[in-house]
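J.: Quick check, what structure comes out for this input:
(3 chains)
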Amino acid sequence: MSATLRTLHAALGGVLHGAADRVVHRIAPLAEATEDALAFVAHPRYRGAVAHSRAGVILAPPDLVADVMARPDPPESGWACWASPDPYLTFAHLTQWWRRHVQPRPESSGVHPTAYLAPDAEVHPSASVGPMAVVESGAVVRAEAHIGAHAVVQARASVGEGTRLGPGVVLGYDCRIGARGIVHGGTVIGADGFGFAPAPLPDGSGKAWVKIEQLGAVRIGDDVEIGANCCIDRGALGDTVLEDGVKLDNLIQIGHNVRVGRHTAMAGCVGIAGSARIGAHCTLGGGAIVLGHLELADHVHISAASVVMRSILQPGHYSGVFPIDDNRAWEKNAATLRQLHGLRERLRALERRLT
Amino acid sequence: MSATLRTLHAALGGVLHGAADRVVHRIAPLAEATEDALAFVAHPRYRGAVAHSRAGVILAPPDLVADVMARPDPPESGWACWASPDPYLTFAHLTQWWRRHVQPRPESSGVHPTAYLAPDAEVHPSASVGPMAVVESGAVVRAEAHIGAHAVVQARASVGEGTRLGPGVVLGYDCRIGARGIVHGGTVIGADGFGFAPAPLPDGSGKAWVKIEQLGAVRIGDDVEIGANCCIDRGALGDTVLEDGVKLDNLIQIGHNVRVGRHTAMAGCVGIAGSARIGAHCTLGGGAIVLGHLELADHVHISAASVVMRSILQPGHYSGVFPIDDNRAWEKNAATLRQLHGLRERLRALERRLT
Amino acid sequence: MSATLRTLHAALGGVLHGAADRVVHRIAPLAEATEDALAFVAHPRYRGAVAHSRAGVILAPPDLVADVMARPDPPESGWACWASPDPYLTFAHLTQWWRRHVQPRPESSGVHPTAYLAPDAEVHPSASVGPMAVVESGAVVRAEAHIGAHAVVQARASVGEGTRLGPGVVLGYDCRIGARGIVHGGTVIGADGFGFAPAPLPDGSGKAWVKIEQLGAVRIGDDVEIGANCCIDRGALGDTVLEDGVKLDNLIQIGHNVRVGRHTAMAGCVGIAGSARIGAHCTLGGGAIVLGHLELADHVHISAASVVMRSILQPGHYSGVFPIDDNRAWEKNAATLRQLHGLRERLRALERRLT
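T.: Numbers count the residues shown, from 1 in each chain, chains lettered A, B, ... in the order given. So this is what the prediction gives:
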C-alpha cells in the first residue's frame, strides 16, 4: 500500500524537487496530510494553505514550488514538491494509477457460479459477471466489461468494452451503453417513459390516463459515468440519448427522449423532463430542474436548484434560487413577494405623480 | 415488424383517407418520420408541422385531413391520413396494439428456476416470476401477474391480476397492489415511514430520536403505474393509500399515511410528506414538494418545482418558482429580495408623505 | 394480536385511569380509533380532538386525564386514560413494544440457502441473511444483524450488531455501519463520489472530464437509520461520515466527504453536496439542498425545499422558498421579480428627489 515518488513521477510526468526515493503511503487532503502522505494544491491562490501543511510531498503548480520547499520544520528527508502545470489533472491521473497499482478495487473475475446467463446471451470471455447477476436472451457483454452483483442486463441490451455496471443496475431491453462506462448501484436504464393520453371517464368526474407504450430505447455513448439510483427512461418512439463523455451524479432523472450532449455534467438530484435537449459541455448544479421540450445550447451552466422554464440559447451562467435567510426575515419577504406586482404599480403611480 | 394501415384501422377505428393497404413499418415523430412510417398530430394548431412531414401516414384530427393529403411531392402510393376525433388517445391505443402485436416486450414465462418461492406463497399458474425473484411466506401473486428479476414480494403481500413488478422492486410485507398495475425497477413499496419521537440526551446537548415503529402498510388500487426508484412508505398506524388510476413518474417520495386520490398524476422527483391528502385528478409537476398534513382538493394542478406550504382547497393551477435569469441579474434581484419587506415600508412611507 | 392495558403499562410506565384489564386490539389515530383501540394525544392543545374520539384508551398528558374520562356515551367498561408526562415518547416506546410482542415483523432467520457468502466472509451465527443476499470476501456481519434479500455487503465491509440492511441495499467495499442501524431497501452506500478534473479536448471545443478515483469509504455510527433508495457516496481521499443517531428519510443524496453530526435528521429528497459539514442536532426539511464545502453549525434547522448557499454558523431556523400562489398571480409577481433591483433603484431615486 505504498509507492515511491520516483515511480509516480515516471508514470505521470511533471518535475520533481526533493528526494525522489521518498515513499508515499497515502494521498490525503492538504490540511490532514502527514509526512508519509502526498497532497495536492490546485492553484497558487491556495498558497496560504501550503505553508501550514505537513504533507511530505505536495503536487503543486510551478509557482508554488518555492513555497512548498521552504516550509519550516522539515522532516529528516526534507520536503518534496512535484510540480505540474495542471496539478488537478495530474491528481486525477494519480488517483487512477493509485487505484490500479496500490489500492485495487475488490472484484470478481469470470462468471460467478450464482449468476444466470441466458443460453443465447453473448458474454465475452474476458468480461466478469458478479453473484446473482442476470444476463438475458440476446444480450451482449463485451470484453473486460463487469456486470455487478444482482445487476440485470435485459434482452438484447448491450454493454460496451470495459464498462462496469454496479450492483443492482438494470439495463433495459434493447438499451445500449458504450465503452469504458461506469454505472453505479441501483440505477435503472430503460424503464418506461412517463406518457399517457387523457380519456374522459364515463361518470364525467374527470379523466383517466391511458398508457402510451414506450417503443424506443436508451442509447449511451462511450466514457459515460452515471451515479447511483438514477433513472434514464426509454424513449416513446425514438431513443433517449446520452452522448460520449456525459457524467451524471446520483439520483438523477432523465425523462424519455431527452438528449444530453457530450461532456455535459450534472450534479445529484437533477431532473430533466421529457424531450428536453441539453447541449454539449453544459453543467447543471444539484437539484436543478429542466422542463420538458426545452433546449439548452452548448456551454450553458445552470446553478444548483434552479428551474429552467424556457429554452436557453446563449452560452452562459444562469440561476434562479430564492435566497435563504433566517426564518423570520424570509417570512416577511416572502409575504411581500406575493404583493410584488402591486408594489410595482404603486411605485409607478408615485413616479407619475412626480413627473 | 410491420402492419398494414387497414389492420390498424380495423383494430382502433377512425376514418381512413388514401391507400389502406399501405404497410406501416414504424411509428415515428412527425418531423423524423419517413414514407414507411406513421406519425401523429394531436391538434390543428400543429398544422404547420404537417406540411413539412414526410410521414406516409399521419394520424390527425378531421380538420387536418386536407392538409395531410395535399402535401407536395407525394410518394408513388400517395399520402394517407387516418382521421380520429382524439388523435392523441388513438395514438395511445395504437402504441398498446403495436406493443402487443408488432414489437412485443421480451418476457420470462412461468417461474424461473433461479427464483425463490416460499413453500406457502401462492403464485397463480398463469403468473410469471423472473430470475432470482423472491416471493415470501404467505404472499399472493394473482393471474397473469409478472414478478421481475430480483423483485421481492415480502411476506403476506399481494400482487393483483396482470400487475407487473419490474426488476428489483420491493413490495413490503402486508402491502397490496391491485390489478393491471405497473411498478418500474428499483421502487420500494412499504419501507418504514419516517417517524421518531425526540428524547432528551442525558448530557443536555440536545435530543436523540426514538423510533416509532410503522405498524401500517401500503394499499395501492387498480390501474396504478409507478416509475423507477420511487419510495412509497408504509403508514405509521393506518395505511398509505394510492387510489385507482394513479400514475407516478420516477424518483417520487410518498411519505407515510399519504393518500393520493384516483387518477392523480405526478411527474418525476416529486416529494409528498407524511399524512398529506392529495385529491383526485390532480397533477403535480416535476420536483414539486407538498409538506406534511396538508390537503389538496380534487383537480388541483401544481407547477413543476413548486412547494405547497398550505392546504389548497380550490381547484386550479398553482405555481411558485423563482424565475431563472442570467447569473448576474439573478444575483442583483436575489440580493434585493432579501430587503423586499423594507422596500415595501419605504414605498409606504413615500406614499404617506405624498397624501 | 392484542394486549391488556395492564401489560402495556407494566412494560412502559405512566399512570392508569380506568379499567386496567381492558384489551387493546390495535393502536389507531385519535379520529379513527374505536373502543377496542388505543390512541394517543401528544399535547393539551389537542384537547378538542379528545372530546370526539371513541378510542377506548387514550395515552395522554396528565392535563387531559379529566377530558379523556369525561367523554360522553362511554362503553360498558368505561373509558381508560394512560397518563404520561411525554405521551409522544411513550407512544414511540409503545410502538416498539407492539412490534416486538404483538405484531412482529416477518423475518428470515439463519442464512437462507440461496444467499451467497464468500468463504472468508465472517457472519456471526446469530445474524440472519435473506434470500439471494451476497456477503463478499473479508466482510463482517456481527451478532443479530440482518442482511435483507438481495442485499450486497461488499468486500471488507462491516455491519454492526443488530443492524438491519433492507432488501437490495448495497454496502460498498471497506464501508462500515455501526450497531442497531436500519437501512431501508435500495439504498446504495459507498458508490463513487462525483469527482472529475477537466482536461481540454484536442479539438478545442471544450473539456472532457477525467475521473478522480474515490479512494475513501463511508463510516456510519451507531443507531443510524437511513431510508429507501438513498445514496451515501464514498469519500475521495478521506471518508464520508454519518455520526451516531443520524436519521435520514428516503431518496437522500449525501455527497463524498460530507460529515453529518450526531442526531441530525433529514426529511426525504434532501441533497447534501460534497465536503459539506452538517452539525449535530440539525434538521433539514424535505427537498432541502446544501451546496458543497459549506458548514452548518449545530442546532441549525432548514425549512423544506430551501437551498443553503452559504455557511450557517449560528443556530436557528432558516428558510428560502418562493411562496406558492395561483398561477396568474405568480406569473405577475415572478415577472416583476426579474426587475426587482431596478425597482429598488427607482424607489431610491424617488426618495432622493423628496429629501
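
J.: Pop out the phi and psi values for the nearest residue to A:L165 once chain neighbours are set aside.
T.: Of all residues not flanking A:L165 in the chain, A:A151 sits nearest, at 4.6 Å (Cβ to Cβ, 6 or more residues apart in numbering or on different chains). For the C-beta atoms, the positions are set from N, CA and C on the backbone; glycine is no exception. The phi/psi pair for A:A151 (degrees, to the nearest 10) reads phi -70, psi 150.

J.: which residues does A:A151 contact?
T.: Going by Cβ atoms under 8 Å, 6 or more residues apart in numbering or on different chains, A:A151 touches A:G130, A:A133, A:V134, A:L165, A:G166, A:P167, A:G168, A:V169, A:V170, A:L171.

J.: any chance of those in JSON lines, with pLDDT, neighbour count and secondary structure too?
T.: Formatted as JSON lines, these follow (pLDDT from 0 to 100; neighbours: other Cβ atoms under 10 Å in any protein chain shown; DSSP: H, G, I helix; E, B strand; the rest coil):
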{"residue": "A:G130", "pLDDT": "97", "neighbour count": "26", "secondary structure": "coil"}
{"residue": "A:A133", "pLDDT": "98", "neighbour count": "31", "secondary structure": "coil"}
{"residue": "A:V134", "pLDDT": "98", "neighbour count": "28", "secondary structure": "strand"}
{"residue": "A:L165", "pLDDT": "98", "neighbour count": "30", "secondary structure": "strand"}
{"residue": "A:G166", "pLDDT": "98", "neighbour count": "28", "secondary structure": "coil"}
{"residue": "A:P167", "pLDDT": "98", "neighbour count": "29", "secondary structure": "coil"}
{"residue": "A:G168", "pLDDT": "98", "neighbour count": "32", "secondary structure": "coil"}
{"residue": "A:V169", "pLDDT": "98", "neighbour count": "32", "secondary structure": "coil"}
{"residue": "A:V170", "pLDDT": "98", "neighbour count": "32", "secondary structure": "strand"}
{"residue": "A:L171", "pLDDT": "98", "neighbour count": "31", "secondary structure": "strand"}
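
J.: Report the residue ranges of every domain in chain A.
T.: A:3-101, A:116-318, A:328-355 (automatic domain parsing).

J.: Quick one, which of those domains gets closest to B:R142.
T.: Counting by Cβ to Cβ, B:R142 lies closest to domain A:116-318 out of those; the figure is 19.8 Å.

J.: May I have the distance across that closest one, first residue to last?
T.: 48 Å (Cα to Cα, to the nearest Å).

J.: Can you tell me which of the contacts of A:A151 is nearest chain C?
T.: Of all the contacts of A:A151, A:P167 has the smallest distance to chain C: 4.7 Å, by Cβ to the nearest Cβ.

J.: ok, now which ones touch that closest one?
T.: A:G130, A:G148, A:A149, A:H150, A:A151, A:G185, A:G186, C:V152, C:Q154, C:V170, C:V188.

J.: any idea how far A:G130 is from C:H150?
T.: According to Cβ to Cβ, to the nearest Å, A:G130 and C:H150 sit 12 Å apart.

J.: which residues do these two both contact?
T.: Joint contacts of A:G130 and C:H150 (Cβ under 8 Å, 6+ apart) are A:H150.

J.: Please name the nearest non-neighbouring residue to A:G255.
T.: Leaving aside its sequence neighbours, A:G255 sits nearest to A:G274 (Cβ to Cβ, 6+ apart; 3.6 Å).

J.: Equivalent analysis for A:L248, please.
T.: The spatially closest residue to A:L248, leaving aside those adjacent along the chain, is A:I226, at 4.7 Å (Cβ to Cβ, 6+ apart).

J.: again with A:P198
T.: In space, and not counting its chain neighbours, A:P198 is closest to A:K207: 3.9 Å by Cβ to Cβ, 6+ apart.

J.: so that neighbour sits right up against A:L201, yeah?
T.: Yes - using Cβ atoms under 8 Å, A:K207 is in contact with A:L201, at 6.3 Å.

J.: anything in contact with each of those two?
T.: Residues touching both A:K207 and A:L201 (Cβ under 8 Å, 6+ apart): B:H263.

J.: residues touching A:Y46, list them.
T.: Applying Cβ under 8 Å, 6+ apart to A:Y46 gives the contacts A:L30.

J.: and it, what are its phi and psi?
T.: Torsion angles, degrees, to the nearest 10, at A:Y46: phi -100, psi 20.

J.: related to what we said a few turns ago, I'd guessed the residue nearest to A:L248 sits against A:I182; true?
T.: Yes - at 7.2 Å, A:I226 counts as touching A:I182 under the criterion of Cβ under 8 Å.

J.: So those two - more neighbours on which side?
T.: A:I226 (28 against 20; other Cβ atoms under 10 Å in any protein chain shown).

J.: where does that one fall, phi/psi-wise?
T.: In terms of degrees, to the nearest 10, the main-chain angles of A:I226 are phi -130, psi 130.

J.: Now do it against chain C, distance only.
T.: A:I226 sits 10 Å away from chain C, going by Cβ to the nearest Cβ, to the nearest Å.

J.: got it, and A:V135?
T.: Taking Cβ to the nearest Cβ, one finds A:V135 at 16 Å from chain C.

J.: Same check on A:P62?
T.: Separation of A:P62 from chain C (Cβ to the nearest Cβ): 18 Å.

J.: tell me the contacts of the residue nearest to A:G255?
T.: By Cβ under 8 Å, 6+ apart, the contact list for A:G274 reads A:G193, A:F194, A:G195, A:D233, A:A236, A:G255, A:H256, A:N257, A:V258, A:G292, A:H293.
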